[in-house]
Structure formats: C-alpha cells, structure tokens
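Asks: Next one to model:
(chains A and B)
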There are 2 protein chains.
Amino acid sequence: MAASLWLRGATKQPAVASLAAVCSRSVASKTPVGFTGVGNMGNPMAKNLMKHGYPLIIYDVFPDACKEFLDAREQVVSSPADVAEKADRIITMLPTSIDEIEAYSGANGILKKVKKGSLLIDSSTIDPVVLKELAKEVEEMGAVFMDAPVSGGVRAAWPANLTFMVGGVAEESAAAAQQLLGCVGGSNVACCGAAWSGQAAKICNNFLLAISKTRTAEAMNLGIRLGPDPKLLAKILNMSSGRCWSSDTYHPVPGVMDGVPSADNYQGGFGTTLMAKDLGLTRDSATSTNSSILLGTQAHQIYRMICVKGSSKKDFSSVFQFLREKETF
Amino acid sequence: MAASLWLRGATKQPAVASLAAVCSRSVASKTPVGFTGVGNMGNPMAKNLMKHGYPLIIYDVFPDACKEFLDAREQVVSSPADVAEKADRIITMLPTSIDEIEAYSGANGILKKVKKGSLLIDSSTIDPVVLKELAKEVEEMGAVFMDAPVSGGVRAAWPANLTFMVGGVAEESAAAAQQLLGCVGGSNVACCGAAWSGQAAKICNNFLLAISKTRTAEAMNLGIRLGPDPKLLAKILNMSSGRCWSSDTYHPVPGVMDGVPSADNYQGGFGTTLMAKDLGLTRDSATSTNSSILLGTQAHQIYRMICVKGSSKKDFSSVFQFLREKETF
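Replies: As a prediction, this is how the structure comes out:
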C-alpha cells in the first residue's frame, strides 16, 4: 500500500473532481480491474492487484503475455474495448504512443465501450502531446483520466516499491488515488501538479537515468583500465559524491551486484529501445520548450547506436558492454 | 576519527612498509604536522588537525590564506622546504600539477629539506603521471609517500565527513593511516589497491560528479519549463531512479536546498576551473588507456565553456545558471 506521501502542487480540476468517489467505491467493492498491456512492467503490476484480491480483466496484443493470467483463472479478453465493457477501472501500461492510440482510440479501443464515470489510469511513458489529446477524448466520453507514469523499473515492481508520478489530480482525491495505486505496487505516490506534470517528471527522471547509467559505465570502464578492481571501485564510488541509483542499486558492470540485469547478460530489465524512445521524447520536449540538453542529446545518440549495433532487446545497462566491445588498438 | 572501513585490494609494497610505524609514532606524540596548501579544501582539513590538538607548520603561496592560522598562533613559514624542516608528517593539498611540482621539487620545495622516514601525504587531485614521478623522488630521499585524494568537497570537510581514497598503502598499515587521516577530517578511508589507485578512483569520481551535476541542471531546467515547481520536481526525482549526490545533497538549482552554493549565487564550493581541470585529467587518462568517454568529453567542453563565459570562480553547480542565461528565442 502506498506510503503517506502526497506532495504539494496539485491543482484542483473539475474534470477529476469525482476521482475520490470513483476510487473509494471501486477499491471498497473489489470489482474487476481492467489491465491493458501486461509486458515486463505491466505483468508485476497486474499481479500486485491479484495479490490484493482484485479480479482482473486482461488484454495484451501478444497472447503469450496473457497465458499465465489465464492459467491463474483471470479473465483474458480479445480487445481493449472488451476490457472497457467489463471493468470501470482500467490501467494501461504500453510501450509507445502508437500502441497507446491504438489501445484507446483504435477500432477496438477502450473508448469504443468505456462507461461513464470509469477511471482510466495510464502508466505508460509516452509523448505528452498524444497524452493530452487522449485525455480530452476520455473526458468527452464522461470518464476520468489520470496520467500516472511510474519509476523504479521491473525490480521495483515485483516487491511493490514503485513511485507513481501523478498529474492532473485534485488534492482532495489524494487518499483515494494513493489507495488504488498502492495496490498496483506503489510505495510512493507523488502528485506532480497540473495535468501532464506526471509525464514531465517521468521524462526528466528517465533522462537522468540514461545519463547516470552511461556515466557510470564510462567511469567504471576507465577506472578498471586504470587499475582498481571493479567491485572495489564501485564500493568506493558509492560512498563518494559520484554515487547514484545506477551505481548503488542497478549497477551496469557484471560481477559488481547480484540480481540485476548486468549479472545475467543484460536480460530482462528496461530495454535499450525503450530508453532510446524516452530520450526521443525528452528531445521533443526540450525542443518545444527551448531547453538545452547537451548531455541528453549525446545520451540519446549513444542509445540509438546501441540499438543499431544489435542490443536493442538488452537492458539499458548494456551500455557498459557497448563501451567495452572490440578494442581497435 | 575514521570509521572502521578498509576495503580489500591493497597491495603490499616494500616502499611503504614502514608507514604503520611512522603514523603510530607521530599520532601518539602529537608532534607538529606540516600543511602545504590551505585554500578552500586545505583550510578545513588543517583546522580539523588543530581540533585534535596537533600543532601545525603552515605554508601557502598566498599569505592571506595563512593569516587566520597565524592569528591562532600556529607556525607559518615561508616555503615548503621550511615545512619539511620542521615537521616529519606533511600533508599537501594543491590545485594543479604545476603547484605540486613546485611544492615538492621547486627551489624551495619539500624535497630540499625532507628528513628520512618522513611521511608525505598528498591529497591533491593531479595528473597521475606527475604523481608517479614525485613519489619516486620522495622514496629516493628515504621518505614515505602516500596518495590520498579526497571526496566530499568543502561541505564535507568542515564536519570531518570526507572520504579519502588511498593508493599504494600496504594492508598492515591500514589502522595507522585511518587514524591519521581521521584527524584530518576523514570519516571513510578507502584503500584502493596498488599505487596511484587513489588518484584513479578520485578521477573517476569527479568525472561522475561533473556529469551528474550537469545532467541534474539539464533535467531541472527542462522540467521547470514543462511545468512542475522546482522544489517539488527535485523532491520527486530524489525519490526516483534519477537520484544522485548532486540532486539529494548538493542541488544546483537556487531555492531547492539551503546551505549549498546554489543558495548563495554559487559562491564557495568547488570552482568550475577546478572541475574543468579534473575533466582534463580524465581525458588524458582515457586517451592513455583507450577508453571511450562520450559523455565525459561533452562535460569537459561544457565546463570549459562555463569558464570562457566568465564563471570560472563560481561553484561547479553554476552549470544550471549557464543553461538558463539569455534565451535567444
């Protein structure tokens, strides 16, 4: 369940004023929750809901992703529209803006059958412009839309230690939103202010993450070549001012840490393609706000190069491997 | 006093085998300690020694820097050679390789009057190649040399919360080195392995620091323009995977945190010139080890540009101000 963390800055908005009522009713009744997109991140989030006793209505564009929910006797349906028909609270967790448009506005999208008063929570990280347009469509259908992108990755999803960055929610709805997102795996629910602020915070966070991972990989690669043992060097840097989440929790160098993708040939985790996508969103946002992102631009190109070189499905920590491969001297 | 932290990786080296004896004797007797370089960092480190009751022999190339030590009735002398004449333990804390060569090998340098068996601890961050040469000269004079660069900056120096990264010290000397460096302000003393490993770890740390500061400034600048309040955004990012020392301890955005240079127009702290210098050392090390530092190169150029634009004396957090100034649209 979400900790009691609600930050200042929420704006009161008529469009979501009924959220408290929707959440409270739904949480209390334990009626089914719809879940569209049960991939790497959606899977543990949906399972967290199961642990809290919520029946699920599942849809994923890849049938294989639904199989274990079917085995667990959850209801798997054949389109997002069917999810909307059977549930009045739906969570979407999708990889790209194109998937998002298809899931909401497509021929068999959620909006085809969404009921008035339904609560649609989108936890994807997508283009804020697309999100804005979708939210408008949702509200026109008489439903409630909340952007709640998430930080922490797959590792934080399993033990329900996610941070949700929520945009456009009125302060009086705080407790109810906390309760619902707590059941999905949130240990922190942060209200970021006006609508789309959740996406803004998320984009900034992933931008920071890409750079911190790359800088940790660069420094470790250099340091190891200069002499110190990798595990020892990592320990020293983590007790110094160079420390960050990428170095003390999710290290990119094999052999330094157990239970992270670098310990398993960079399988699982957060794919480099997704990171390259998020950095593209950052680039678009920076251009539209006239912001200079010198390191951000470099990091974007690095992640695009990693994909070009064939590691698009590996965890984004594989930037270390990218730096090490095939010395030319 | 230093915590009981001694990391594996130290190599046993005959040249420093007598260190334990030197340290123990000196610490026990509280005979004077020499200190060359009492600038931003050297000043609090020397004062930590005073607090532990050690008489000091002070030298700084700028007489003004010595004034408060003179007022406190410490002995101020007129050259590094004089320091070596009056003390058999000397700590040097100097800004550049040129200052270091002058202080050790100059016409009035330490090596002119160093006594056999003296312990010379260098806490500067300088070119490892220069350091290697100096250490050789020190050992030829029958003295003991230790590279012990420091992390934590001025903010950590005052409350004696520094991390020393020590290279080339035999494991059996661990306790004695901890004791001495603990009195200088170290809460952590990490043995990094073979000689020059202290410098290697320090260079990697400052490289990480420059990038983390710049990425935090870029993300905050972008985020603020996208909507969220700076203080709220910083709080959210610090509880997410984007967190790092630059964001949770030494934030670059004015108004987010008290007691840091960004709260005082970037006065004090760690100057952008010094950061540009350290990034130059990193570039040299990366070239000599055939290591790719894509973000590091970008960060180096950013800090050089900040100096060019007239902010060379400001704290390195001023990269945020650099990104904000004079919009051209």
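Asks: Under the pLDDT cut-off, which ranges of the stretch 151-300 of chain A? List them.
Replies: Applying pLDDT under 70 to the stretch 151-300 of chain A flags residues A:170-177, A:195.
Asks: rerun at 80
Replies: Counting by pLDDT under 80, the stretch 151-300 of chain A shows low-confidence ranges at A:152-153, A:155, A:168-178, A:193-196, A:227.
Asks: now do the stretch 1-150 of chain A
Replies: A:1-30, A:127-129.
Asks: for it, what spans make up the strands?
Replies: A:33-36, A:56-59, A:75-76, A:89-92, A:119-122, A:144-147, A:150-151 (DSSP state E, counting those that start in this stretch).
Asks: so which of the ones you listed gets nearest chain B?
Replies: strand A:150-151 (3.9 Å; CB to the nearest CB). Placement of C-beta: from N, CA and C, glycine included.
Asks: packing partners for that closest one?
Replies: Applying 3 or more CB pairs under 8 Å, 6 or more residues apart in numbering or on different chains; DSSP states H and E, we find strand A:150-151 packed against strand A:162-166, helix A:197-226.
Asks: Let's have the ones you listed in JSON lines, adding mean neighbour count and distance to residue B:109.
Replies: Converted to JSON lines, these look like this (neighbours: other CB atoms under 10 Å in any protein chain shown; distance: least, CB to CB, whole Å):
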{"stretch": "strand A:162-166", "mean neighbour count": "29", "distance to residue B:109": "54"}
{"stretch": "helix A:197-226", "mean neighbour count": "28", "distance to residue B:109": "27"}
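Asks: I'd like the ones you listed as JSON lines, with distance to chain B appended.
Replies: As requested, these are arranged in JSON lines below (distance: least, CB to the nearest CB, whole Å):
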{"stretch": "strand A:162-166", "distance to chain B": "5"}
{"stretch": "helix A:197-226", "distance to chain B": "3"}
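Asks: Any chance of these in CSV with distance to residue A:234 as columns?
Replies: Formatted as CSV, the helices and strands packed on strand A:150-151 follow (distance: least, CB to CB, whole Å):
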stretch, distance to residue A:234
strand A:162-166, 24
helix A:197-226, 7
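Asks: ok so, going back, which one of the strands of the stretch 1-150 of chain A is the most hemmed in?
Replies: strand A:33-36 (a mean of 29; mean count of other CB atoms under 10 Å in any protein chain shown).
Asks: Could I have the CA atoms of it written out in PDB?
Replies: Included here for strand A:33-36 are C-alpha records, laid out as PDB according to Å, rounded to 0.1, in the frame of the first residue of the first chain:
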ATOM      1  CA  VAL A  33      -9.900  -4.000 -12.600                       C
ATOM      2  CA  GLY A  34      -9.000  -3.900 -16.300                       C
ATOM      3  CA  PHE A  35      -5.400  -4.100 -17.400                       C
ATOM      4  CA  THR A  36      -4.200  -3.500 -20.900                       C
END
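Asks: which residue ranges form the helices in chain A?
Replies: Assigned by DSSP state H, the helices in chain A fall at A:19-29, A:42-51, A:63-71, A:80-86, A:97-105, A:128-140, A:153-157, A:174-184, A:197-226, A:230-238, A:245-248, A:272-288, A:294-306, A:319-324.
Asks: so how far is residue A:255 from residue A:58?
Replies: Applying CB to CB, to the nearest Å, the value for residue A:58 to residue A:255 is 38 Å.
Asks: If you could redo that for residue A:101, that was the one I meant.
Replies: 42 Å.
Asks: go on, residue A:216?
Replies: Residue A:216 is 14 Å from residue A:255, by CB to CB.
Asks: Residue A:230 too?
Replies: The value you get for residue A:230 to residue A:255, if CB to CB is used, is 6 Å.
Asks: what's the closest of the strands of the stretch 1-150 of chain A to residue A:162?
Replies: strand A:150-151 (5.0 Å; CB to CB).
Asks: For residue A:70, which non-adjacent residue is closest in space?
Replies: Residue nearest to residue A:70 in three dimensions, not counting chain neighbours: residue A:76, with 4.9 Å by CB to CB, 6 or more residues apart in numbering or on different chains.
Asks: can you pull the contacts of that neighbour?
Replies: A:58, A:59, A:66, A:69, A:70 (CB atoms under 8 Å, 6 or more residues apart in numbering or on different chains).
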